[in-house]
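Engineer: Okay, predicted coordinates and the sequence, questions at the end:
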Amino acid sequence: MYWNEAKECMKRDELEQLQLERLQATLFRVATHVPFYRQKFKELKIDPDGFRSLDELRSLPFTVKQDLRDNYPYGLFAVPLRDVVRVHSSSGTTGQATVVGYTGNDIKTWSSLTARVLTAAGVGKDDVVQIAFGYGLFTGGFGLHYGAELVGASVIPISSGNTRRQLRIMQDFRTTALICTPSYALLLADTIEELGLPLNAFSLKYGMFGAEPWSEAMRREIESKLNIIATDNYGLSEIMGPGVAGECQERSGLHINEDHFLVEIINPDTLEPVAPGEIGELVITTLTKEAFPLIRYRTRDLTRLIEEPCPCGRTLRRMERITGRTDDMLIVKGVNVYPSQIENVLFEVEGTKPHYQIVVEREGRVDKITVLVEVTEAIFFDEMRKQREVIDTIKNRLASELGIGVNVRLVEEKSLERSEGKAQRIIDKRQL
Ligand code: DLL
């Protein structure tokens, strides 16, 4: 099932022609209306009218998060505020908040793109969709809400939090599709178990999860605990919010809405493109945004492109699930460590639960990582010898995966803080 077959299954050369035309229009738009880009183009002697091929993309300047902060709040908008009908903002936990805006057309485009992602995940007009993403300045709730209405589903805009109420409504309203972060889906699943609610009291069929990194093992756990098909979807507020990319039911990579977003994968150190199929930083140029177009935005998210065709028939290229962020990377004793590497090891060890935290501390001049991981009651209350075995297994596997020693602490089930939105996996005490 497609939402827009003509666009989702375009021939490559036609898609590239469309991308080029849309890129030309976007360059004209930013050069005319955004002083920041006008200035940059002038410095780099770029003639926005002289753009003839997508290969020339590499001559364009990058845009980074700091540029958004420097132009807070409305400096990068390409339309007057009078034409803006919606504003969203990022939380600003790692610095000054950033603000993004949408025209009426942008909202229509956004709705149609989240409708695509919903349709690819299996959600349609017969579904009852419970949106447990926050509604507000965060783009998750509203972004998927409009798409879900567009596909004709019955939408429950419950927003995040209040887990028991979520479950009651999920039962009573016969929710068939759950939309939230993967960590919140697990919390809901665990709470169902804890309350002893029978799974057949629920009507769930699909789960659409995103907004934070997760792993294949976590998908398996959620799918079996909730008896659903769980798909991954990706987006970021700077670019639009959800709707940038999403998995189809093949569940092997996220189709990028390439007719609206031009993607590149670069080496974050050299800023050069990586070889095809290699992992690097995802860079996105918006092709149709009116209020807030961005050129070569460095997402800091790490992924790789999958060139092989997908059995679902969509020709939109896929990207692999996000494996981390360049700024998530911990450098410990000179070694690069990504939380996803640790998560993968933890999940392979019998008796661990999908809840963990990585604490980084500095003792003197030496960095120390401690991984806290929840284990089943049986292990937690088992003899010391058994616990030691589990710890040693994890330590050895982490040492061979990461190349450095890591401390491991087993903690009791439910002792690590749960999140109703994005889970916080890293506690870096070095910054305190
Ligand atoms: O999280 C938008 C969104 C809402 C996407 C709902 C999907 C569903 P931000 O709050 O700006 O926007 O955070 C964007 O979250 O750069 C990634 O690092 C991370 N992220 C988003 N989706 C995924 C995903 C929304 N599927 C940042 N897998 C991005 C891994 C994700 N990381």
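Structural biologist: Done, it's in. Numbering: from 1, shown residues only.

Engineer: Put the alpha carbons of the host helix or strand of residue 140 into CSV.
Structural biologist: Using DSSP states H and E, residue 140 maps to helix 139-150. Output of helix 139-150 as CSV, limited to C-alpha atoms (Å, rounded to 0.1, in the frame of the first residue of the first chain):
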residue,chain,number,x,y,z
THR,A,139,7.1,18.1,16.5
GLY,A,140,6.2,14.4,17.2
GLY,A,141,2.6,14.8,18.3
PHE,A,142,1.3,17.3,15.9
GLY,A,143,3.4,16.0,13.0
LEU,A,144,2.0,12.5,13.0
HIS,A,145,-1.5,13.7,14.1
TYR,A,146,-2.1,15.5,10.8
GLY,A,147,-0.8,12.6,8.7
ALA,A,148,-3.0,10.1,10.6
GLU,A,149,-6.1,12.3,10.1
LEU,A,150,-5.2,12.6,6.4
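
Engineer: need the residues of the stretch 201-350 of the chain near the ligand, please.
Structural biologist: With Cβ under 6 Å from any ligand atom as the criterion, the stretch 201-350 of the chain meets the ligand at residues 210-213, 232-237, 241-242, 299, 301, 322, 325. Backbone N, C-alpha and C define where each C-beta goes, glycine included.

Engineer: out of these, who has the most neighbours?
Structural biologist: residue 242 (29 neighbours; other Cβ atoms under 10 Å).

Engineer: Return the residues in contact with that residue.
Structural biologist: 114, 117, 139-140, 143-144, 147, 210-211, 233-235 (Cβ atoms under 8 Å, 6 or more residues apart in numbering).

Engineer: Adding pLDDT, write those residues out as JSON lines.
Structural biologist: Converted to JSON lines, the contacts of residue 242 look like this (pLDDT from 0 to 100):
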{"residue": "114", "pLDDT": "98"}
{"residue": "117", "pLDDT": "98"}
{"residue": "139", "pLDDT": "97"}
{"residue": "140", "pLDDT": "97"}
{"residue": "143", "pLDDT": "98"}
{"residue": "144", "pLDDT": "98"}
{"residue": "147", "pLDDT": "98"}
{"residue": "210", "pLDDT": "97"}
{"residue": "211", "pLDDT": "95"}
{"residue": "233", "pLDDT": "98"}
{"residue": "234", "pLDDT": "98"}
{"residue": "235", "pLDDT": "98"}
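
Engineer: and residue 117, helix, strand or coil?
Structural biologist: The local conformation at residue 117, judged by DSSP: H, G, I helix; E, B strand; the rest coil, is helix.

Engineer: Give me the neighbour count for it.
Structural biologist: When neighbours are defined as other Cβ under 10 Å, residue 117 has 30 of them.

Engineer: Excluding covalently adjacent residues, which one is nearest to it?
Structural biologist: residue 246 (3.3 Å; Cβ to Cβ, 6 or more residues apart in numbering).

Engineer: cool, residue 387 as well?
Structural biologist: residue 410 (6.0 Å).

Engineer: Show the low-confidence segments of the stretch 301-432 of the chain, by residue range.
Structural biologist: Along the stretch 301-432 of the chain, the model assigns pLDDT under 70 to residues 431-432.

Engineer: which ones are touching the residue of it found nearest the ligand?
Structural biologist: The stretch 301-432 of the chain approaches the ligand most closely through residue 322 (3.6 Å), counting by Cβ to the nearest ligand atom. Residue 322 is in contact with 213, 234, 282, 301-303, counting by Cβ under 8 Å, 6+ apart.

Engineer: Quick one: those residues as TSV, columns for secondary structure too.
Structural biologist: Formatted as TSV, these follow (three-state DSSP):
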residue	secondary structure
213	coil
234	strand
282	strand
301	strand
302	strand
303	strand
